[in-house]
Structures are given as C-alpha cells and as structure tokens.
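In: how would this look folded up:
(4 chains)
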2 protein chains.
Amino acid sequence: MAVNLKQLAEILGLSQTTVSRALNGYPEVNAETRQRVLQAVRETGYRPNRAAQRLATGKAYSIGLVMPIAAGIDSDIHFGEFLAGLAEESVKHDFHFVLNPSAPDDEEATFRRLAASGNVDAVFLAYMRPNDPRIPMLKALSIPFVVHGRSIGGPRDYPFLDVDNTQAFYDATKLLLQLGHHRIALINGPDYLAFSIRRKKGVTRALTEWGLGLDEELVHHSVMADEYGYRSMQHFLERPDPPTAVLCSSTVLALGAVRAINRAGLAIGSDISVIAHDDVLPMLKPENFSVPLTTTRSSLRAAGARIATRLIGGIIGRGDYPEQELWRAELIVRASTGPAPGR
Amino acid sequence: MAVNLKQLAEILGLSQTTVSRALNGYPEVNAETRQRVLQAVRETGYRPNRAAQRLATGKAYSIGLVMPIAAGIDSDIHFGEFLAGLAEESVKHDFHFVLNPSAPDDEEATFRRLAASGNVDAVFLAYMRPNDPRIPMLKALSIPFVVHGRSIGGPRDYPFLDVDNTQAFYDATKLLLQLGHHRIALINGPDYLAFSIRRKKGVTRALTEWGLGLDEELVHHSVMADEYGYRSMQHFLERPDPPTAVLCSSTVLALGAVRAINRAGLAIGSDISVIAHDDVLPMLKPENFSVPLTTTRSSLRAAGARIATRLIGGIIGRGDYPEQELWRAELIVRASTGPAPGR
DNA sequence: GTGGATATCCAAAGCGCTTTGAGAGGAAAT
DNA sequence: ATTTCCTCTCAAAGCGCTTTGGATATCCAC
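Out: Numbers count the residues shown, from 1 in each chain, chains lettered A, B, ... in the order given. Predicted structure coming up:
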C-alpha cells in the first residue's frame, strides 16, 4: 500500500537522492523535476517514514514535556487547553511528545535525563517563577527550549512567549479608575508564579498613577479554581468597606466571584464591577455569564500553538521566528463593568 | 560519550548480534555471556537508540492519544490525572506519545490517519458512551487498543480496564440504606457517559432490592465541576422533602455539594450523609474535607499506569495481561455518613 | 575549441539497530 | 570413529531515509 522513497524514485525514474532533495527543498533540483516529484507524492500518497528520518538525521522530531505532578498544575483546566494548542500544531508537522511526569524536586534530574536520552529536540516550559532555576539549567544542558511566560530576575536572553500581563491588568485597572472606582480588589493566581506577580504590578502601577495605592487586604492569591474565587470574593464583601470592583486572574476565578456577588444580593455592573482575564477556555465563555464579563483576552490555546510552531520551526530549521514575543491582551468591555456606585 | 551497539560489542569482544540478543532476552545466549553484557551496559551507560530500533523493528514504540477538544473533557481535572498515570509508566519504558486533538465529529478520520501513519503501535480510549462507535472502528482498523471504562451494548470482546461502577455505587447505596436513609440523591457525571449510567444503575439496584425506587427528581447529571455539585445540591435542598443522603460521582462534585450543605446550615454526617467517588486526585483528598468524606475509592492515576503497562506489554510482547479487568472500588467509611436523621 | 563555471542528477555510504542464515565447537548417540 | 544434535556465536543483510562526493551535460567566455 504505502510506497517508500525507493519505490517513488523508481516510479519517477529518478534517484532517491533527487527525490529526497526535491522534497526537502534543496536548490539543486530542477523546478520542473520538483513539480513532477510533488505530483507523484500526491498520487501515491507517499509519506516519509519518520523512524528512518530520525535515524538518518539524528533528529527526534519530538518535543519534551515535563509535567509537574501533584502540584495542582498539570491537572488544572488551563493546562489541558494549552496542551491542546501545542498538540494541534504539532500534529500538523508530525511531531511527537515525550511526556515526563515529575515531582517538583525531581525536575532537574528529569530534564537531564530527557536531554541525554536524545529522544527530544526541544522542550517546553511553563509556570514560570521568579528566578526560575530551570532556565539556567536548560541553557547549561544546551537543549533548545521555549518558555511560556517569563521569569522575573535572572537571565533575560532566552526564548519566550508571554502575554503582557502587567499591561493587561494595568489597562483593566485604568478602565475601572476612569469609571470612578477607588476600592479595587484583585483575585489573583498563586503568588509564586511570575504572571501573578506581573498582574499585581499592573494593578499597582495604574493605581499609583492615579494617586492611589493598592490595598494589600484586597489582594488574594490562590490556585485558579472557582472555589477560591468564591471564597475570596466572599471575604472581600464581608469587609466594612467592600471593594466596588474586582479583577480576577481567570474566568474560572470569576465564576466563583460572581457567585459570591450574586449571593450577596449585589448587582454586577452597577453595585460592583468585575473584570477577568480570559484565557479563552471553550467551556467558560465570558459572554455567557449571566452578566457578560468584561475581560482582558488572550487565547491560551493560540499560545500553545504558537509555541509549538516556534519550537518546530527551530528544529527543522525552517521559518525564522522572533526569540521573544510579548502578546498584548485585548481589553473587551462587556456589561460587568460600570461606573462606581454613588457617582 | 554515549556508546552504541557496535562499540559495546567491540568492547566485549562479541558480535553485535550476540549483544543484541543478550539484551533482548533471546534464549540462545549463554547465561554467563549475558551477565557480561549486562555488566558492560551498566558500566558504559549504553542506551539503545530508539530511532534505530524503530526502523529495524517497524515498531513505533509510541502510543496514540486522541484528545477530544472543545468537549469539556480533556480540560477536566480528571484527564490530567489519568494522563499522569499513563505517562508515568510510559516513561519507564521509553514510550512516546502522539497527541491528536480532534473535534468530536472528526474523530474517526483522526483515528484513521493515526493508524495509517504508522506512528503509533496502539491507542488508548476513554470517556466511553453506550454503543460507542469507536470500538468497532478501531477493531476494523485493526490497531491494538485498550479502553478505559466500558461501553454499554455493542461488542463485548475488546480489551478494557474499568472500575466496577455499578458495584461501587451499589455498595455505597446499600450502606446508606442500612443507616436508615430512604431519600437518597445522586449527583452524577454526564448522562451520556457509560460510567454515569452504571453508577446510576448501581444505586437503582440497591434501592430496588430494599423495596424502594430511585426518585428521578433526585438525580442530576452534569460535567464534573464543583460548581455543578453546588447547584445540584442546592436544588435538592430546596425541595419540600430534601434527601437525607447524597451520592456524588466525584470529589469535585462533592466539594460543591458540601458547600451547599454548609450554606444551608445542615450538618454533614448527621443531618445529611454524603458519599463521593474518589478518583484519588492529589489536590482533593476526601480526608481533608471539613468533615472527612466517606468514599468509594479507585485511583485514576493507577488506572492510567495500568493501561500503559498493558498497552506496552502488548507491543513489546512481554508480559501476559488479561484482556479485561474490572477493578473493584473500595468503600471507605469516614465521618460524612451517619444514621438517617430521626431514626 | 578549450577551460571553467553552473546546473542537474546519481551511486553509495551511513545512521544504529534487529534478524536471517550459517558456522564452529562440543556433547551425545550410534 | 562417524553422525547427529545442541549450544553459542557471528557476518551480513536489511529497515527507509539523508548526505557526501562525484559524474554528466550544458553553457559561457576567451
């Protein structure tokens, strides 16, 4: 059924060399010949054998994933979404994955083993922390990588794709300020993750520019599950001077926060404004909230796909991608934001 | 640094053939020679080149995963946990993954492509539905597979690993009945999934044996996120004749249910009893609930690991595993169950 | 017409492993 | 002593691709 290079070459009356070169875009092959080859590929359905390519080139055509287990990270809803993006793009290029579950304290050994195994050409990294030790480690191992997010402190010259979290939350906060809000709460992700730190920074910056400060009492950090959104919001509302607006680091958190607000009998968009960061989770669309949510939007899946593209591009040496990308989140205003009450 | 077979053979003064055979457990090699070979492997740190093995054997040493996207399945917390188990075992045998995100209506084509690509030796299947079309499809494609769960109806002769969900929920219900409960509610997973159907069946059976029937009003089906557990429980409690006991298909659902119960000012274990199915999610331990939860327990991660073992065993032809396994969940009684009130 | 580019193409080696088909040596059987 | 049969080992042939190092032909300038 499936033809191989040798047969294909025979059919075409060419040598394997020429056919191979035609397929891999080498210049020393006549344009017309290349067309003939491409045509034959279409007709025969020829697909190069990955195992043979791997052996011949020494490339693994695979990317490594270290999944932190028991850390409440991999199992979270955001991980699956990101992974879907990665996989979506990888499957197009017939790239495979080597999944390595690893306890956090065993991560270094895992990376080391992975790099030494020769089973992957590159790895991907996420859940960045300040001064993340994995960056220097991977540099030392000299295995290509792309990180999703950015560390804070430490080396700056490494490939990443990040959302401009500071900017996003700065923008969001600014909008709230313009609407007259002064007491603004933040329900953030875990405080040890870089993106949370940056988001908080964005809020602080906007407030400072406005001549205000961030009330630390109005900042909560937690795993991004809606339970925590609920609890945090509930806490805030029990204060003598509850906030008139709240920023959530995820629509998942917002889900809980909204529930707490409803339960308190307050009206979203008038009594209290809500803005959430939207990772574009297909299950949780901000426009489907009872009161559609104002969000800062940046698709997690798109980020996954982009990182896969860059990783793969780097491996097959095609395409020239920027080493560092900072995506700007869009601020999308819906009904959950309104003027501060009593204004 | 890394030695290959040829060099290893040279060091040992043996031929590649002999060394290869010694390593792969062929009988026609002297025990002493085999020991020498194994020793040399230890000393040199020799690791066979997977790409070469793949080419030589025609095996892919990889397993295929079709992740349904946009279905609220892959992103769910249970998927990550299962995947961790799969990966944990696979990494030991240096098996890789081919992740194929696929829209539900495109699944057949995805499997077909995957099988034809030769990139995987076997695939894994989950989220079984009644008369699941994927089973006959994979049989027709004649690619080895193992399913997690079981279909209902359709062919019966396929390899699976399932938890005896009927039994588990039968056991749990029986306990509640013995404690004097009559009005028992069920917060179940999606009604189109086989495991949900079986769990409900277990509840029904126990009630019937006791001379009671299942009140359909006290059964809710939903995605297993705690939000839904909350809502369902709230609904139940608003009834004129609320249940005195509730069964939850996941600790995630129980989380929400517990919240609703607390909010209603009821005491768990006395006013109302709760039993949940525990997939052993590291983030959500039933013993850590404010009132420790009685559960039917069966580790999802262990199931993942076991399936990987069977899949891999089938591929490398080592080990002889049963085609069908039905794990019995353990019923673990903690403080969330007690006698029915007023008894 | 000749030397030297230039453009196309090819034969063959090699990637690191498994596996086939045989051979050498010794023990057992005749 | 010869034959037969194991036991253990090996040389060599692939697996299907990439890539090196030429060939061959064409074309140009001189």
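In: show me the contacts for A:Arg199.
Out: A:Arg199 makes contacts with A:Asn165, A:Thr166, A:Ala168, A:Phe169, A:Leu186, A:Asn188, A:Gly189, A:Leu247, A:Ser249, A:His277, as judged by C-beta atoms under 8 Å, 6 or more residues apart in numbering or on different chains. In short, each C-beta sits where N, CA and C put it, glycine included.
In: mind listing the helices in the stretch 151-300 of chain A by residue range?
Out: Along the stretch 151-300 of chain A, counting by DSSP state H, counting those that start in this stretch, helices occupy A:165-178, A:194-209, A:226-238, A:251-263, A:300-316.
In: buried residues, the longest one. List them.
Out: Yep, that's helix A:300-316 we're talking about. Neighbour-count burial for helix A:300-316, counted by 16 or more other C-beta atoms under 10 Å in any protein chain shown, picks out A:300-312, A:314-315.
In: list just the nearest of these to DNA strand D.
Out: Proximity to DNA strand D was ranked across the buried residues of helix A:300-316 by C-beta to the nearest atom of the strand; first place goes to A:Ile315, at 12.3 Å.
In: so that closest one touches A:Asp121, yeah?
Out: Yes. Between A:Ile315 and A:Asp121 there is a contact under C-beta atoms under 8 Å: 4.5 Å.
In: between the two, which contacts overlap?
Out: Common neighbours of A:Ile315 and A:Asp121 (C-beta under 8 Å, 6+ apart) are A:Lys59, A:Tyr61, A:Ile63, A:Pro144.
In: turn these into a markdown table, columns for neighbour count, distance to B:Gly319 and secondary structure.
Out: A markdown table is the format used below for these (neighbours: other C-beta atoms under 10 Å in any protein chain shown; distance: C-beta to C-beta, whole Å; DSSP: H, G, I helix; E, B strand; the rest coil):
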| residue | neighbour count | distance to B:Gly319 | secondary structure |
| --- | --- | --- | --- |
| A:Lys59 | 17 | 32 | coil |
| A:Tyr61 | 21 | 29 | coil |
| A:Ile63 | 25 | 29 | strand |
| A:Pro144 | 16 | 36 | coil |
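In: let me know the closest of the residues you listed to B:Thr208.
Out: Of all these, A:Ile63 has the smallest distance to B:Thr208: 52.7 Å, by C-beta to C-beta.
In: can I assume that closest one is in contact with A:Ser90?
Out: Yes. Between A:Ile63 and A:Ser90 there is a contact at 7.0 Å, judged by C-beta under 8 Å.
In: turn the helices of the stretch 151-300 of chain A into a markdown table, columns for mean pLDDT.
Out: Below are the helices of the stretch 151-300 of chain A laid out as a markdown table (pLDDT from 0 to 100):
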| stretch | mean pLDDT |
| --- | --- |
| helix A:165-178 | 98 |
| helix A:194-209 | 98 |
| helix A:226-238 | 91 |
| helix A:251-263 | 91 |
| helix A:300-316 | 94 |
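In: make CSV from those helices and add distance to B:Asp215 to it.
Out: Compiled in CSV, those are given as follows (distance: least, C-beta to C-beta, whole Å):
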stretch, distance to B:Asp215
helix A:165-178, 47
helix A:194-209, 45
helix A:226-238, 29
helix A:251-263, 27
helix A:300-316, 41
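In: can I get these in CSV including distance to DNA strand D?
Out: Formatted as CSV, these follow (distance: least, C-beta to the nearest atom of the strand, whole Å):
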stretch, distance to DNA strand D
helix A:165-178, 40
helix A:194-209, 38
helix A:226-238, 48
helix A:251-263, 44
helix A:300-316, 10
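In: among these, which comes closest to A:Phe97?
Out: With C-beta to C-beta, the closest approach to A:Phe97 among those belongs to helix A:300-316: 10.1 Å.
In: low-confidence ranges in chain A?
Out: The model of chain A has pLDDT under 70 over residues A:1, A:70-76, A:319, A:343.
In: now with 80, please.
Out: By pLDDT under 80, the weakly predicted segments of chain A are A:1, A:68-77, A:225-227, A:282-283, A:318-320, A:343.
In: quick one: name the residues of the stretch 51-200 of chain A near DNA strand C.
Out: A:Ala52, A:Leu55, A:Ala56, A:Gly58 (C-beta under 7 Å from any atom of the strand).
In: phi, psi for the closest residue to chain B within the stretch 101-250 of chain A please.
Out: Residue nearest to chain B within the stretch 101-250 of chain A: A:Pro101 (4.8 Å; C-beta to the nearest C-beta). Phi and psi for A:Pro101, reported as degrees, to the nearest 10, are phi -70, psi 140.
In: where's it relative to DNA strand C, distance?
Out: 26 Å (C-beta to the nearest atom of the strand, to the nearest Å).
In: verify the stated contact: that residue with A:Leu114.
Out: No. Contact criterion C-beta under 8 Å: A:Pro101 and A:Leu114 do not qualify, at 11.9 Å.
In: the two - which one has more neighbours?
Out: Higher neighbour count among A:Pro101 and A:Leu114: A:Pro101, with 25 against 21, using other C-beta atoms under 10 Å in any protein chain shown.
In: what bridges to the more buried one?
Out: With DSSP bridges as the criterion, A:Pro101 is bridged to A:Met67.
In: residues contacting it?
Out: A:Pro101 neighbours (C-beta under 8 Å, 6+ apart): A:Val66, A:Met67, A:Pro68, A:Ile69, A:Asp74, B:Ala84, B:Ala87, B:Glu88, B:Val91.
In: nearest to DNA strand C, of those residues?
Out: Nearest member of the contacts of A:Pro101 to DNA strand C, counting by C-beta to the nearest atom of the strand, is B:Val91, at 18.8 Å.
In: what about the residue of the stretch 101-250 of chain A closest to chain B, distance to A:Asn24?
Out: Look at A:Pro101 and A:Asn24: by C-beta to C-beta, to the nearest Å, they are 35 Å apart.
In: between A:Ile63 and A:Ser90, what contacts are shared?
Out: A:His96, A:Phe97, A:Ala308, A:Ile312.
In: wait, which of the residues you listed is closest to A:Leu193?
Out: Using C-beta to C-beta, the shortest approach to A:Leu193 within these belongs to A:Ala308, at 21.9 Å.
In: hmm, that closest one is touching A:Leu65, no?
Out: No. Between A:Ala308 and A:Leu65 there is no contact under C-beta under 8 Å: 11.0 Å.
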